[in-house]
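Visitor: Need a 3D model of the following:
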Amino acid sequence: MKYNIIILSILFLFVSHLTYSQVFSDSRKITRSFKVTSSTTVEIINKYGKIHIIPCDKDSVKIEIDISIKSDNLTKYNKLKSEIDFEFTGTEYYVLAKTIVGSKHTSFIDEIKGLREEIIDFFSSSQSEIKINYTVQVPRYVNLKLENKYGDVYTNSFKGNFNLNLSYGDFKANELSGDNEIEINFGDAYINLLDHGKISISYSDFQVKKSRQLTIDSKSSKIKINEIKVLKITSKRDKYHIDKIDDIYGETSFSDIWIYQLNNETSINMRYGNLNLELINKNFSYININSKYADMNLFFDHGSSYNFELIHKSVIFDFPKNLGKITEKPYHADAKYLFSSGIFGTGSSLSKVKISAESGNLNIFHK
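Guide: Next up, the predicted model:
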């Protein structure tokens with residue numbers, strides 16, 4: 001009798017577990033195609049999935065959307081399933097595909113307080129997931145505008161204008177040769193060739209192998225560039241690693257910058273942080289640095305010769321005494337600042353170094 005009770009109890013628990021672990025799922029595919037021209041802008045707005053851009057040589061754009069919903073909570077499953085919709089627009093000059101999560105009439109406040117909590121709670125289940133993935137075949141010459149949250153974006157080579165706004169996802173591309181505007185928050189990016197563009201990065205890792213000209217506004221990020229001609233930066237709490245660069249300009253705050261080969265010119269305003277110029281080409285033209293509470297290490301190539309000016313206060317200044325004849329005197333009427341000037345090297349050169357520094361360390365080396 002006891003064994004029968006035990007067996008029945010085990011069976012009851014097993015059946016209860018099966019009932020509790022029941023998973024509700026649904027998947028479907030949506031496909032749309034639109035004719036486009038070189039003047040067309042294609043815009044994709046998505047959440048909770050990937051966007052894969054496949055460049056092609058056709059005169060039309062094909063959009064495939066794969067939707068997958070799975071949950072062990074029937075109420076949440078039905079609610080989320082009913083509130084996923086898509087909006088499509090197709091004209092000669094504009095094509096739009098947009099993911100809509102929630103009612104079209106839901107206010108922003110309602111969405112923040114209601115739907116977002118629903119989705120966050122939805123994701124907390126170990127047997128729940130939602131995926132909305134876009135695969136877009138698009139001519140490589142059109143203008144492309146992408147916005148994605150909580151998902152990755154991929155593309156190969158693209159010649160048209162490219163605009164990306166990405167949050168909580170990664171981005172990978174081979175070559176982007178048009179006008180580019182890229183914004184990434186809480187994600188990683190890798191681009192093989194980025195000809196030129198404006199970049200905004202926050203709390204992300206960003207890597208470019210080769211570029212001609214970039215303007216970067218960054219915060220709390222890591223930026224790696226292998227080779228670039230001209231770079232303009234506005235940086236806060238970043239780490240920059242640049243292998244080879246011709247010209248760099250900008251403003252930094254609490255950022256560390258390593259440049260392993262500087263060929264021509266730099267003009268930087270620094271507040272706190274570090275600047276390391278590991279190799280300055282002997283044919284450089286101009287170095288202009290304004291710093292407060294920052295440390296600087298400047299390594300000049302063998303055979304370098306340049307005019308040097310330094311306005312400084314509370315700076316520990318070290319330089320190769322055998323290669324430089326430096327005079328020092330008070331800077332105008334303010335005795336707190338000193339003016340050091342002279343010539344480094346033995347040859348004649350039009351190259352110039354001008355530094356204004358308050359507190360910190362300045363070390364000059366000749367290799």
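Visitor: So, low pLDDT: which residues of the stretch 201-350 of the chain?
Guide: Within the stretch 201-350 of the chain, the set of residues satisfying pLDDT under 70 comprises 333-334.
Visitor: In contact with Y94, which residues are there?
Guide: In this structure, Y94 makes contact with T40, T41, E43, judged by C-beta atoms under 8 Å, 6 or more residues apart in numbering. For glycine as for every other residue, the C-beta is placed from the backbone atoms N, C-alpha and C.
Visitor: Strands - which of the residues you listed land there?
Guide: Secondary-structure check on the contacts of Y94 using DSSP state E: residues within strands are T41, E43.
Visitor: Now tabulate the contacts of Y94 in CSV and tack on pLDDT and neighbour count.
Guide: As requested, the contacts of Y94 are arranged in CSV below (pLDDT from 0 to 100; neighbours: other C-beta atoms under 10 Å):
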residue, pLDDT, neighbour count
T40, 95, 24
T41, 96, 17
E43, 98, 16
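Visitor: can you map out the strands along the stretch 151-300 of the chain?
Guide: In the stretch 151-300 of the chain, strands defined by DSSP state E, counting those that start in this stretch lie at 153-154, 157-158, 162-167, 171-176, 180-185, 188-202, 205-219, 222-236, 239-253, 256-259, 262-271, 274-280, 286-292, 295-300, listed in chain order.
Visitor: any idea of the mean pLDDT for the first one?
Guide: The reference is to strand 153-154. Along strand 153-154, the predicted confidence averages to a pLDDT of 97.
Visitor: give the contact list for L164.
Guide: With contacts defined as C-beta under 8 Å, 6+ apart, L164 is in contact with K145, L146, E147, V153, F171, E181, I182, E183, I184.
Visitor: Quickly list what the fifth one is bridged to.
Guide: On the basis of DSSP bridges, F171 takes part in beta bridges with V153, A189.
Visitor: Could you tell me how far it is located from Y272?
Guide: Applying C-beta to C-beta, to the nearest Å, the value for F171 to Y272 is 30 Å.
Visitor: residues contacting I100?
Guide: Applying C-beta under 8 Å, 6+ apart, one finds that I100 lies in contact with I84, D85, F86, E87.
Visitor: what two of those residues have the greatest distance between them?
Guide: Within those, I84 and E87 form the most distant pair, 11.7 Å apart (C-beta to C-beta).
Visitor: Look at those two and report which has more neighbours.
Guide: Each of I84 and E87 had its neighbours counted (other C-beta atoms under 10 Å), and the higher figure belongs to I84 (18 against 11).
Visitor: Does the more buried one touch Y77 like I think?
Guide: No - counting by C-beta atoms under 8 Å, Y77 is not a contact partner of I84; they are 11.4 Å apart.
Visitor: got any residues that touch both of the two?
Guide: If you check I84 and Y77 against C-beta under 8 Å, 6+ apart, the residues they both contact are I69.
Visitor: what's the distance between the residue nearest the centre of the chain and K219?
Guide: Per C-alpha atoms, centre = their mean, the C-alpha nearest to the average position across the chain is that of I201, at 3.9 Å. Taken as C-beta to C-beta, the spacing of I201 relative to K219 amounts to 7 Å.
Visitor: next one: G151
Guide: 22 Å.
Visitor: from the contacts of Y94, which is closest to D195?
Guide: The nearest member of the contacts of Y94 to D195, counting by C-beta to C-beta, is T41 at 19.4 Å.
Visitor: what's the burial count for H332?
Guide: Applying other C-beta under 10 Å, we find 9 other residues in the vicinity of H332.
Visitor: on that earlier part again, for the contacts of L164, give me JSON lines that also has neighbour count and distance to S255.
Guide: Output for the contacts of L164, formatted as JSON lines (neighbours: other C-beta atoms under 10 Å; distance: C-beta to C-beta, whole Å):
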{"residue": "K145", "neighbour count": "17", "distance to S255": "30"}
{"residue": "L146", "neighbour count": "22", "distance to S255": "28"}
{"residue": "E147", "neighbour count": "19", "distance to S255": "28"}
{"residue": "V153", "neighbour count": "26", "distance to S255": "27"}
{"residue": "F171", "neighbour count": "22", "distance to S255": "22"}
{"residue": "E181", "neighbour count": "15", "distance to S255": "22"}
{"residue": "I182", "neighbour count": "25", "distance to S255": "20"}
{"residue": "E183", "neighbour count": "17", "distance to S255": "19"}
{"residue": "I184", "neighbour count": "26", "distance to S255": "17"}
